[in-house]
Structure formats: structure tokens, C-alpha cells
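> Predicted model and sequence follow; I will ask about them next.
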Amino acid sequence: MELPLAYKERMEQLLGEDYSSYIKHFEKERHYGLRSNALKINKDKLEAISPFQIKPIEYINNGFYYQENEQPAKHPYYYAGLYYIQEPSAMTPANVFPIEKGDKVLDLCAAPGGKSTELGAKLQGTGILFSNDISNSRAKGLLKNIELSGITNVIVSSEPSEKLAHHFKGYFDKILVDAPCSGEGMFRKDPSMIKNWSAESVLEYATLQKQIILDAATMLKPGGLLLYSTCTFAPEENEAVIQHLLDHHLGFTIEPLPKSNGFDNGKPEWINSSHTELENCIRLWPHKINGEGHFIALLRKEETASNTTVKDYSYKKNNQQVKIVTEFIEENLLLDFDYTRIDIIQNKAYYLPEGMPNVKGLRLLRTGWYLGEIKKDRFEPSQSLAMGLSLNQAKHAIDFSVNQEAVIRYLKGESLRIEANKGWNLVGVDGYPLGWGKSNNNMLKNKYYTGWRWM
Ligand SMILES: C[S@@+](CC[C@H](N)C(=O)[O-])C[C@H]1O[C@@H](n2cnc3c(N)ncnc32)[C@H](O)[C@@H]1O
């Protein structure tokens, strides 16, 4: 692995005697991780039922290492959304972010969802998770991961941070900026990033990050928290971006973050800053923890800043169509539903989060929990409805054991000969929903979402 000379010189200058340990980490194997999804399962239960060997990550309460030769994405439990596969150090930003139930949380640079899926799990169905990414194609992958995780109180958009900042002044309780960066912390995991690195690109990223963090600051409520993270080491993209925010918004303070063994402080001296509180930030180094590199800062906005002017959402529902959805829910589900929160857009029914804001004019991929489609006078439930339920919330369910070959056949889209109640059945594995099936004369028509099939 040949590192650029300018990179090596800079790291040697910054790290001093630590440089040789840093360089030696490239000779060691990288680490593989997965994180249990608290919307579906707790970490002890996952550890107990895991079909492959997993070992707790020392610094992430719901994270595990797995061995390189395992394939956790090729297992029915993955299809049931029980865990998310993620490099261990990348779990830290969402892990240390103090999210409270009922918070309105923005994940500004969210695709493919490594942080959003954990933020959604921390909200436990309360408040709002607003996940955004400037790239529409990446936002589609983000939406899939959010749906697979069973997050229902969600809005997914694809906008530049600037456009959102115009719309959501002073609105969010918590904002995560997992910024686009030069990726120096991921060189061992993804050597292709080394080819794209240059001293100039570090400065280009720094300019973009300064813009994005100011946009995020605008969208934060008085007293709200902003968590900034990158997977790079360059001080220009880390401490200097935080200093830029402090210079432009005098009311922000840097909050302390919990530091596990091996976590390093931020380095104000690397940018000759007088803000010694930059030491409150976290620097993760691949030679000091079992994981790759990251930087994390937590900032609080002053209480006296001005509050939001965002209006509430105005519903466009058609009562006849809402009735069709309501009848389906009453016939098939055991669920406490607030029917006033159902919205219908082009024959598609959505369950909007409580306190849904006005989102007019934004490029949206999802508003709320997509329940399904109204086709003439009948209702076809969606894959995301299945993923947001627990198996006992369906009046009729088929629960396969993970060892039954029917599970894979179901995930491949095959129809199954099986005794079942006539009509809609929620199909699951070991008590966790996978998707829908429709039964007639003991033949289960497969309604698993075609785009997610097991290949
Ligand atoms: C480091 S990645 C995010 C990874 C993600 N948080 C995760 O954990 O899965 C940075 C993302 O920022 C997005 N991005 C770049 N510029 C942006 C902007 N101006 N506004 C919003 N998103 C932006 C990129 O498309 C990219 O997906």
C-alpha cells in the first residue's frame, strides 16, 4: 500500500513519535463489524442467536466484530433487519450522540444510512428522523436501509444542505453532519481512496465542510446539539471546520464527549487555535483502537438564538381512500393507529410522523411510513409496512424457523404450499417479519418486494 509522499510527510510532522505505530497498522488486518438494531432485537439476544461468531466491540454498546470469512449479508436475519453491517469506528458518531425520545433529528449527509439507522433506533419510533443526501442515487440506497431497519417516523430527501437550510431555520433538536471528506481514516479498509487523495482535495473538502456546517447550524433549534464527524485525519477538515463555525456563530460551545479506552482528544495545537475546548473532540486512530480512523465533535447552540418558523404539513387525503386503508388495517393488524395521520399521495398511503413539518418544494423520496397502494377499491400492503411491524401485530402470521428451507424460497420470491389463513399473512423468521404473502387454498402467493429478493 503506497501512500502519497505529501501525506506521509504531513502525518509524520503531526504525529511525531507516534508515526511509526500509525504506519505499522497497515500491516495488520482490518476489522469487520455489525450493529444490532434496537428496533428489532437487543444486543444480548442477537449475540445468543447469531449464526456466526461475533465478539462485542469494546467501545460500542451494541456493536460486534465478525470474522472476514463470514457473510452476514447473506442470511435471513439480515433480511429481517436485525443488524446493520458497518465498520466499527464508523459506529461511534451515532453511538455517542445523545438522542432523546421525541427529538426532531436531521442526518444531513446520510447515505447509505450507517448513522441514520442507529439514530432511528435510538428514537424508538418517536419524534422525527429526517435523512438527507445530496445524491439522489445514494439516497435510494439510504431509503432501502431505513425501510429494512423498520424505521417508520422518517422523512427522506435529496437536497444540498443549502436548500434545506433555507427551509428549516431553527427547526431541529439534533443534527448529525457526517461530512464528505478525503477519507484518510479509511485507507486500510478501502485502498482505492489513496488514489483519490491529494493535498488540494483536502482543501476542497474543507471548503465544502465549512459551508455544510454553517448550513447545519442555521437549522438547529436554540439549545440544540450538532454532531460533526469525518473519517479523515487532516486538521483542515476537522478542528479547523469546528473553529470556522465558532468564528461565525459566537453562541456555539464544544461539549465533552464520552471517551473509551484508546480514544484520543481533538488537537487545537494542530491549527494553532486558542480554543482549547477543541480537546473535547474525539480522534480515533487505527493504531489505538480496533477500528479505522474518525473525528467527532459535539456542539451546542446558544439558548437565545431565534426559534423556527416552519409551518405544519397540510394533508391532501381523500376520505374514501383513507377508508380503504383503515379497513385493511382493522381487518389485518392489531395496531394502535392514529388515523388522522394517514396521508394519500397518488394512490399511495403514508403514515406521517407526529408533528410532520411542511416539506413543500423539497425533493423527497419518502414522507413517513409507506403503508401501501390503493388499487381501485383494494389495498396492497407494502414491504415497508411489513418491516415496521412486529410479527404479533399481524392477525395472521406465518413464522418459519431459520433452518426451514422455505425461508430462502420465500426470500427468492417462490410461491409456497402451506397451511395458512386465507388472505394476507405476515411472513417471518424466528418471530421477525420478512414480508407479505397472500394465501388461498393453502397456496401462499409470494408478495416479497421483488427488488429485495435473495439472489
Ligand atoms: C461520509 S458520506 C455519509 C455516510 C453516511 N453518513 C453513513 O454513515 O452511511 C457523506 C455524504 O455526504 C453527501 N453530501 C456531499 N455534499 C453534500 C451536501 N452539500 N449536502 C448534503 N449531502 C452532501 C454525499 O453524497 C455522501 O453520501
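That came in fine, so what should we check first? Numbers count the residues shown, from 1 in each chain.

> only C-alpha atoms for contact and neighbour calcs from this point on.
Noted.

> Could I get the phi/psi values of the spatially most central residue of the chain?
Centroid-nearest residue in the chain: residue 116, 1.9 Å away (criterion: CA atoms, centre = their mean). The phi/psi pair for residue 116 (degrees, to the nearest 10) reads phi -60, psi -40.

> One more: residue 174?
The phi/psi pair for residue 174 (degrees, to the nearest 10) is phi -140, psi 140.

> if I look at it, how far off is the ligand?
Using CA to the nearest ligand atom, to the nearest Å, residue 174 is found at 15 Å from the ligand.

> which residues are contacting the longest strand anywhere in the chain?
As assigned by DSSP state E, the longest strand anywhere in the chain is strand 220-230. Residues outside strand 220-230 that contact it (CA atoms under 8 Å, 6 or more residues apart in numbering): 93, 97, 169-181, 183, 213, 216-217, 237-238, 294-308.

> do stretch 399-419 as well
76, 427-432, 442-448, 450, 453-455.

> Mind listing the strands the longest strand of the chain pairs with, and their directions?
Sheet pairing of strand 220-230 (DSSP bridges) gives strand 172-178 (parallel), strand 294-300 (antiparallel).

> May I have stretch 107-118 exported as CSV, CA atoms only?
The C-alpha coordinates for stretch 107-118 follow below in CSV (Å, rounded to 0.1, in the frame of the first residue of the first chain):
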residue,chain,number,x,y,z
ASP,A,107,-29.0,13.4,9.4
LEU,A,108,-27.8,15.9,6.8
CYS,A,109,-25.3,13.8,4.8
ALA,A,110,-26.9,10.4,5.4
ALA,A,111,-26.4,7.9,2.6
PRO,A,112,-26.1,5.0,2.7
GLY,A,113,-27.6,5.2,6.2
GLY,A,114,-24.9,3.8,8.6
LYS,A,115,-25.7,6.6,11.1
SER,A,116,-29.4,7.2,10.2
THR,A,117,-30.3,3.5,11.0
GLU,A,118,-28.8,3.9,14.5
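
> can you tell me the average pLDDT over that stretch?
Stretch 107-118 shows a mean pLDDT of 98.

> Could you list the buried residues of it?
In terms of neighbour count (16 or more other CA atoms under 10 Å), stretch 107-118 has its buried residues at 107-118.

> Residues of this protein that sit close to the ligand?
108-115, 133-135, 160-161, 178-180, 212 (CA under 6 Å from any ligand atom).

> Could you check how far the residue in the stretch 201-350 of the chain positioned nearest to the ligand is from residue 364?
Closest to the ligand within the stretch 201-350 of the chain is residue 212: 6.0 Å, counting by CA to the nearest ligand atom. According to CA to CA, to the nearest Å, residue 212 and residue 364 sit 19 Å apart.

> more neighbours, those two?
Each of residue 212 and residue 364 has its neighbours counted (other CA atoms under 10 Å); residue 212 has more, 22 against 16.

> what helix or strand is that one on?
Assigned by DSSP states H and E, residue 212 belongs to helix 199-219.

> Quick one: distance of that helix to the chain centre.
Remark: helix 199-219 is offset 21 Å from the chain centroid, using CA atoms, centre = their mean, to the nearest Å.

> What of stretch 276-286?
Counting by CA atoms, centre = their mean, stretch 276-286 comes out at 23 Å from the chain centroid.

> And it, what's buried?
So stretch 276-286, judged by 16+ other CA under 10 Å, has buried residues 277-286.

> In strands only, show me those.
Those of the buried residues of stretch 276-286 lying in strands (DSSP E): 282-284.

> now those in a markdown table, with pLDDT?
What follows is these, written out as a markdown table (pLDDT from 0 to 100):
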| residue | pLDDT |
| --- | --- |
| 282 | 98 |
| 283 | 98 |
| 284 | 98 |
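
> Make TSV out of the residues you listed and add distance to residue 312.
Putting these into TSV (distance: CA to CA, whole Å) gives the following:
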residue	distance to residue 312
282	37
283	39
284	40
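
> Check the residues you listed against residue 72 and report the nearest one.
Nearest to residue 72 out of those is residue 284 (CA to CA; 25.4 Å).

> I'd assumed residue 292 was in contact with the closest one.
Yes: under the criterion of CA atoms under 8 Å, residue 284 makes contact with residue 292 at 7.2 Å.

> Could you tell me which residues touch both of these two?
residue 89.

> As a check, name the ranges of all strands in the stretch 1-150 of the chain.
32-36, 54-56, 63-66, 83-85, 104-107, 128-132 (DSSP state E, counting those that start in this stretch).

> now those in TSV, with distance to residue 6?
Shown next, in TSV, are those (distance: least, CA to CA, whole Å):
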stretch	distance to residue 6
strand 32-36	29
strand 54-56	37
strand 63-66	33
strand 83-85	33
strand 104-107	33
strand 128-132	34
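
> Could you identify which of those strands is most buried?
Of all those, strand 128-132 has the most neighbours on average by mean count of other CA atoms under 10 Å, namely a mean of 28.

> What lies in contact with it?
Against strand 128-132 from outside (CA under 8 Å, 6+ apart): 102-111, 116, 119-120, 123, 139, 153-159, 353-354, 356.

> what angle do it and strand 172-178 make?
Interaxial angle of strand 128-132 relative to strand 172-178 (axes from the mean of the first three to the mean of the last three CA atoms, to 10 degrees): 30 degrees.

> Just checking: what are the partner strands of strand 128-132?
Partners of strand 128-132, by DSSP bridges, with direction: strand 104-107 (parallel), strand 154-157 (parallel).

> Let's test this: mean pLDDT of it, rounded?
98.

> Restricting to C-alpha, output it in CSV.
Provided in CSV are the C-alpha atoms of strand 128-132 (Å, rounded to 0.1, in the frame of the first residue of the first chain):
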residue,chain,number,x,y,z
ILE,A,128,-38.9,12.6,13.5
LEU,A,129,-35.8,11.3,11.7
PHE,A,130,-35.1,13.5,8.7
SER,A,131,-32.5,11.8,6.5
ASN,A,132,-31.0,13.7,3.6
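
> Distance from the chain centre to it, please.
The answer for strand 128-132 is 9 Å, by CA atoms, centre = their mean.
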